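*Asks:* Structure for this input, please:
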Amino acid sequence: MPKLAPHPILRQRNTHRLTRHKTSCLDRADCIKDGSLNTLGSITRLKIKLDSSITLSEQGGLRYLHFGTEWVQGAMNIKSPNSIALNYARQMMAWLLFREDAAHIVHLGLGTGSLTKFCLAHLPQSRIDVVDISAKVIEVAHNSFCVPRNNPQLTIYQDDAKAFVQKRLDERAPLVDILQIDLYDAQARAPIHGGTEFYSACARYLKTNAWLTINLFGRHGSYQPNIDALYDAFPTLLLFPQLPEGNIIALASLQKDFFWNDALCLVRAKILKTDYELNLLPYINGVQVLTR
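*Replies:* Numbers count the residues shown, from 1 in each chain. Got it, this is the predicted structure:
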């Protein structure tokens with residue numbers, strides 16, 4: 001494929017100095033609801049160190065997840081836990097521009113569960129599987145980010161994402177409609193899984209009319225190899241415009257000769273803003289389409 005100019009990447013920095021506080025998801029939500037947070041006065045930032053590898057912080061009504069470093073791994077609006085707090089995660093839901101009938105959605109990487117909670121709230125007909133390698137992250141998501149426990153609609157697996165996809169292929173499990181990938185370690189520099197082998201496996205795990213969405217970092221050396229590998233596995237890529245933080249969200253499809261129509265997508269984006277409180281309107285005109 002033709003090489004693309006590297007995009008500036010996507011890092012959400014969180015460098016404020018914070019005070020220690022013990023909390024849980026429901027306790028903090030109740031505090032917000034009854035207004036008792038006003039008693040904090042000028043104290044608007046909190047830091048909760050759960051262990052050496054996981055830290056939470058709060059600022060401006062948002063709760064952030066860190067893997068022991070300053071890099072933000074996800075966020076939650078404390079007053080609205082099922083909404084999507086970060087712009088890059090909103091872009092990862094852009095597959096809703098093309099379909100709303102996804103019966104089976106798989107999330108590789110849980111983090112704060114933003115995508116998972118949004119899908120549970122807005123897509124009751126969808127079955128959602130989530131894969132995360134860390135038992136600690138899964139427990140923190142339950143206790144501090146309002147992610148539900150397993151239920152008839154939701155199953156969370158503690159597993160390596162690449163191994164999970166391969167096992168599903170080996171078992172000849174049913175193919176999925178949507179695959180969303182957000183896999184980063186504590187340094188938040190590059191996806192922990194990538195390359196032609198991984199993306200080809202992902203492509204085989206999808207139905208022909210399915211979509212894959214992935215969060216990439218453009219200024220890191222892994223960006224171009226990831227784009228090349230995705231384009232080897234998928235005939236259509238949509239690259240959303242970089243965000244001020246640098247995030248680049250790519251959508252990939254097995255559909256050949258895909259046609260992007262700005263006008264139709266703007267109409268759909270207006271519907272999504274009204275029906276889902278998902279605002280993709282600022283990004284529609286800047287989408288780059290690659291097809292082969």
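
*Asks:* Going by C-alpha atoms from here, please, whenever you check contacts or count neighbours.
*Replies:* Noted.

*Asks:* Next, name the residue at the spatial heart of the chain.
*Replies:* Closest to where the C-alpha atoms of the chain average out (CA atoms, centre = their mean) is residue 89, at 4.7 Å.

*Asks:* Would you check that residue 84 makes contact with residue 90?
*Replies:* Yes: Residue 84 is in contact with residue 90 according to CA atoms under 8 Å; the separation is 6.2 Å.

*Asks:* before we move on, the earlier item: the residue nearest to the centre of the chain contacts residue 113, correct?
*Replies:* No: the criterion here is CA under 8 Å, and residue 89 misses it with residue 113 at 10.3 Å.

*Asks:* Skipping its backbone neighbours, what lies nearest residue 166 in space?
*Replies:* residue 201 (6.8 Å; CA to CA, 6 or more residues apart in numbering).

*Asks:* pLDDT of the helix or strand containing that neighbour, averaged?
*Replies:* Following DSSP states H and E, one finds residue 201 within helix 196-204. Per-region confidence: helix 196-204 scores 97 on mean pLDDT.

*Asks:* what's that helix in contact with?
*Replies:* Residues outside helix 196-204 that contact it (CA atoms under 8 Å, 6 or more residues apart in numbering) are 162, 165-166, 169, 179, 229-230, 232-234, 254.

*Asks:* Which SSE is immediately downstream of the strand or helix carrying residue 211?
*Replies:* Assigned by DSSP H and E, residue 211 belongs to strand 206-217. Downstream of strand 206-217, the first helix or strand assigned by DSSP H and E is helix 223-233.

*Asks:* by contact count, what packs against that following helix?
*Replies:* When contacts are defined as 3 or more CA pairs under 8 Å, 6 or more residues apart in numbering; DSSP states H and E, helix 223-233 sits against helix 196-204.

*Asks:* I'd like the distance from the helix it packs on to the chain centre, please.
*Replies:* 19 Å (CA atoms, centre = their mean, to the nearest Å).

*Asks:* what's the angle from that helix to strand 206-217?
*Replies:* Here helix 196-204 runs at an angle of 140 degrees relative to strand 206-217 (axes from the mean of the first three to the mean of the last three CA atoms, to 10 degrees).

*Asks:* Let me know the angle separating helix 196-204 from helix 223-233.
*Replies:* Using the same axes, to 10 degrees, one finds that helix 196-204 and helix 223-233 are set 40 degrees apart in direction.

*Asks:* Could you give me the buried positions within helix 196-204?
*Replies:* 196, 198-204 (16 or more other CA atoms under 10 Å).

*Asks:* Closest one of those to residue 79?
*Replies:* Proximity of the buried residues of helix 196-204 to residue 79 (CA to CA) peaks at residue 202, which lies at 35.1 Å.

*Asks:* mind checking how far that closest one is from residue 164?
*Replies:* With the distance defined as CA to CA, to the nearest Å, residue 202 ends up 10 Å from residue 164.

*Asks:* now residue 177
*Replies:* From residue 177 to residue 164 the distance is 16 Å (CA to CA).

*Asks:* okay, these two: which has more neighbours?
*Replies:* The neighbour comparison of residue 177 against residue 164 (other CA atoms under 10 Å) goes to residue 177, with 21 against 17.

*Asks:* Can you list phi and psi of residue 161 for me?
*Replies:* Main-chain dihedrals, residue 161, degrees, to the nearest 10: phi -60, psi -40.

*Asks:* Cheers, nothing more for now.
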